[in-house]
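Undergrad: pasting a predicted model and its sequence here:
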Amino acid sequence: MLKKVQKYRLFIVLIFVTFFSNISKGQILLLDQLDLNLDSLKSFKKYSSIQFSLESDRYKNNVLNFDYLVDLGLKLKKENWILIQSRIDRTKLSQVTAINSGQHTLRYRKYQNDQMNYDVIVGNQWDVARGLKDRYFSQNCINYDFLNADSNSLAINAGIGYEYEQWNTQLWDKTKSDQNVVKKTIRGILGFKASRQTNHWNLSFQSSFQAIPSLKSIRNMSSSTISYQFNDHFGIGLISDGLYDSNPPIASQKFFYNYQLNLKLLFK
């Protein structure tokens with residue numbers, strides 16, 4: 001009986017999260033950045049991942065928070081894939097919407113070999129806190145793995161994309177009579193992703209540069225994750241995102257960032 005009881009382990013996880021952003025309008029999601037996602041999926045025929053949360057607190061000014069993330073993949077013939085991602089984050093404070101952001105993407109991926117694959121992507125993004133009402137886009141990219149091992153990885157991608165955007169000018173400048181600004185652009189894309197994992201450390205960094213042909217508008221999206229596991233019971237992690245636009249379509253800030261600090265305690 002004692003051996004049977006020992007097979008059951010109780011896990012108690014305490015996660016402490018702090019969040020800070022350099023604007024007061026709410027969380028800034030890194031929606032401009034499409035994950036390079038260059039890890040091989042060849043050992044699977046299909047996969048799915050769904051995360052969903054709904055929170056309501058009547059004692060905090062009727063706060064309602066809703067977010068979800070859906071990842072779907074379907075393997076076709078000759079190592080071709082259809083990949084779908086959908087994510088939404090929305091928070092309401094009484095009758096005011098503080099956060100409203102998300103994206104939907106459809107990706108066709110063709111593997112040329114173990115190191116190279118091609119992507120054709122179409123999608124839609126929005127982030128009300130930044131003034132981005134809608135962005136419809138398409139991208140064609142080549143992805144190449146220089147190093148893809150269990151503990152180390154290094155990959156780059158390059159391509160071209162087209163964007164159709166609608167921005168809300170009155171969010172940052174109340175004197176503007178016209179609320180909507182429409183922008184159509186063609187952008188070159190260059191990105192890379194690197195990661196390193198040891199017994200205690202887990203490090204990853206990825207960055208994507210997007211520029212119009214004249215180089216008058218350059219956009220950079222970067223994200224990094226640093227975590228350290230002290231022992232079997234205690235670990236700490238830092239996640240940070242940044243977005244820089246040298247020539248934003250509206251009179252908004254050029255740089256946005258956020259970070260999260262996670263503390264994990266595990267008892268078993």
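TA: Good, I have the coordinates.
Undergrad: can I get stretch 261-268 in PDB, CA atoms only?
TA: Coordinates of each C-alpha in stretch 261-268 appear next as PDB, following Å, rounded to 0.1, in the frame of the first residue of the first chain:
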ATOM      1  CA  LEU A 261       9.200  38.000 -14.400                       C
ATOM      2  CA  ASN A 262       8.200  34.400 -13.400                       C
ATOM      3  CA  LEU A 263       9.100  32.700 -10.200                       C
ATOM      4  CA  LYS A 264       8.300  29.000  -9.900                       C
ATOM      5  CA  LEU A 265       8.200  26.900  -6.800                       C
ATOM      6  CA  LEU A 266       7.700  23.200  -7.100                       C
ATOM      7  CA  PHE A 267       7.000  20.800  -4.200                       C
ATOM      8  CA  LYS A 268       6.700  17.100  -4.700                       C
END
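Undergrad: so for it, what's the average pLDDT?
TA: Mean pLDDT, computed over stretch 261-268, is 75.
Undergrad: what about Asn168, distance to Val63?
TA: 24 Å (CB to CB, to the nearest Å). Bear in mind the C-beta positions are built from the backbone N, C-alpha and C, glycine included.
Undergrad: typo on my end, His200
TA: Counting by CB to CB - His200 and Val63 are separated by 37 Å.
Undergrad: tell me which of these two has more neighbours.
TA: Legend: neighbour count by other CB atoms under 10 Å for His200 and Val63, higher for Val63 (15 against 11).
Undergrad: surely the more buried one meets Val96?
TA: No: when contacts are counted by CB atoms under 8 Å, Val63 is not listed as touching Val96 (10.5 Å).
Undergrad: element containing Cys141, please.
TA: Secondary structure from DSSP states H and E places Cys141 in strand 132-148.
Undergrad: same deal with Ala155?
TA: With DSSP H and E as the criterion, Ala155 is inside strand 152-168.
Undergrad: can you list the buried residues in that strand?
TA: By neighbour count with 16 or more other CB atoms under 10 Å, strand 152-168 contains the buried residues 153-157, 159, 161, 163, 165-168.
Undergrad: what's the answer for stretch 232-244, then?
TA: 235, 237, 239-244.
Undergrad: filter these down to just the ones in helices.
TA: Counting by DSSP state H, those place none of their members in helices.
Undergrad: can you tell me which of those lies nearest to Val182?
TA: Leu243 (20.8 Å; CB to CB).
Undergrad: where do the strands sit along the stretch 51-200 of the chain?
TA: Ranges of strands in the stretch 51-200 of the chain, per DSSP state E, counting those that start in this stretch, are 63-75, 80-93, 96-111, 116-127, 132-148, 152-168, 180-197.
Undergrad: thinking again about what came up before, in TSV, list the buried residues of stretch 232-244 along with distance to Phe255.
TA: Below are the buried residues of stretch 232-244 laid out as TSV (distance: CB to CB, whole Å):
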residue	distance to Phe255
Gly235	30
Gly237	23
Ile239	18
Ser240	13
Asp241	12
Gly242	7
Leu243	7
Tyr244	5
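Undergrad: with distance to Leu261 and mean pLDDT as extra columns, can I get the strands of the stretch 51-200 of the chain in JSON lines?
TA: JSON lines is the format used below for the strands of the stretch 51-200 of the chain (distance: least, CB to CB, whole Å; pLDDT from 0 to 100):
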{"stretch": "strand 63-75", "distance to Leu261": "19", "mean pLDDT": "81"}
{"stretch": "strand 80-93", "distance to Leu261": "19", "mean pLDDT": "84"}
{"stretch": "strand 96-111", "distance to Leu261": "20", "mean pLDDT": "85"}
{"stretch": "strand 116-127", "distance to Leu261": "23", "mean pLDDT": "91"}
{"stretch": "strand 132-148", "distance to Leu261": "27", "mean pLDDT": "90"}
{"stretch": "strand 152-168", "distance to Leu261": "25", "mean pLDDT": "92"}
{"stretch": "strand 180-197", "distance to Leu261": "20", "mean pLDDT": "91"}
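Undergrad: want to try CSV for the ones you listed, with distance to Ile218 as columns?
TA: Formatted as CSV, those follow (distance: least, CB to CB, whole Å):
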stretch, distance to Ile218
strand 63-75, 29
strand 80-93, 25
strand 96-111, 21
strand 116-127, 19
strand 132-148, 17
strand 152-168, 14
strand 180-197, 9
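Undergrad: great, nothing more from me.
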